[in-house]
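J.: Give me a model of this one.
(chains A and B)
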Amino acid sequence: KQEVTQIPAALSVPEGENLVLNCSFTDSAIYNLQWFRQDPGKGLTSLLLIQSSQREQTSGRLNASLDKSSGRSTLYIAASQPGDSATYLCAVRPRGSTLGRLYFGRGTQLTVWP
Amino acid sequence: ETGVTQTPRHLVMGMTNKKSLKCEQHLGHNAMYWYKQSAKKPLELMFVYSLEERVENNSVPSRFSPECPNSSHLFLHLHTLQPEDSALYLCTSSQGLGVPDGEQFFGPGTRLTVL
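T.: Model (predicted):
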């Protein structure tokens, strides 16, 4: 069974810092990995989708990398802002399943203070 | 906006009530899912529908009853719930189970409180 772990569970930083959020998964047989943002009490907003054949994806100040063989992904946030405060979730879609099921980590709760 | 809408956004119900959650997607997708997000737990898959047919019931109690009348709409009917069922219920859609590397799009969720 696929297990997804995110470290750290919580992070509090001053505005302007560059951040790295970590995600690891136990089974490297995946179709893709997706990073989401969740604001308190809200749904999930997709940030980046990395297919298994890709090494990284970039969107604005966000960069996500994928090392499938070691079961790791990182989300890099450049020049953090208070508006980046949210919970960041990573999820993998495993091969061998026809159900489209995503396996989620517990998330990293990020606070960026001015 | 992700193209997936959910109503209501908030729901408070007693243990003897019957209510329904609604999800609608405007993306032309063929697969829809219900996930449950409880405090301090990872998101859990509840149900998967593909082309309006249920293909997965992930060991969910019978007090939760899904319905998918067409590929754009998904319902979750609730009856005789327990307080531990209080959670955020999220609907998501994807292009189809035949497109395994497709992106999933989430709705805003329904925050359910069972008294």
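
J.: Tell me if stretch A:73-82 is near chain B.
T.: No. On the criterion C-beta under 8 Å from any C-beta of the partner chain, stretch A:73-82 is out of touch with chain B, staying 15.5 Å away. Using the backbone N, CA and C atoms, a C-beta is placed for each residue, glycine as well.

J.: Go through that stretch and flag the buried ones.
T.: A:73-75, A:77, A:80 (16 or more other C-beta atoms under 10 Å in any protein chain shown).

J.: Repeat that for stretch B:88-100.
T.: B:88-97, B:100.

J.: what's around B:V12, how many residues?
T.: 13 (other C-beta atoms under 10 Å in any protein chain shown).

J.: from what I can see it touches B:L115, true?
T.: Yes. Shown here, B:V12 and B:L115 form a contact pair, counting by C-beta atoms under 8 Å, at 6.5 Å.

J.: Centre-most residue in chain B?
T.: B:W34 (2.8 Å; C-alpha atoms, centre = their mean).

J.: Thought B:A87 was touching that one, still the case?
T.: No. Assessed by C-beta under 8 Å, B:W34 is found out of contact with B:A87, at 11.1 Å.

J.: helix, strand or coil for B:L27?
T.: The three-state label given to B:L27 by DSSP: H, G, I helix; E, B strand; the rest coil is coil.

J.: Look up phi and psi at B:D85.
T.: phi -80, psi -10 (degrees, to the nearest 10).

J.: likewise A:S69?
T.: Dihedral angles (degrees, to the nearest 10) for A:S69: phi -60, psi -30.

J.: Quick check: the closest residue to it other than its chain neighbours vs A:A78, distance?
T.: The shortest distance from A:S69 to any non-neighbouring residue, by C-beta to C-beta, 6 or more residues apart in numbering or on different chains, is to A:S28 (6.0 Å). Separation of A:S28 from A:A78 (C-beta to C-beta, to the nearest Å): 28 Å.

J.: repeat for A:V20
T.: 10 Å.

J.: wait, B:T80 sits on B:R63?
T.: Yes. Counting by C-beta under 8 Å, B:T80 does reach B:R63; the two are 5.3 Å apart.

J.: Would you check how far apart the residue nearest to the centre of chain B and B:Q95 are?
T.: Distance from B:W34 to B:Q95, by C-beta to C-beta: 18 Å.

J.: Show me which residues of chain A are close to chain B?
T.: Residues of chain A lying near chain B (C-beta under 8 Å from any C-beta): A:4, A:31-32, A:34, A:36, A:41-46, A:49, A:51-52, A:89, A:91, A:93, A:95, A:98-106.
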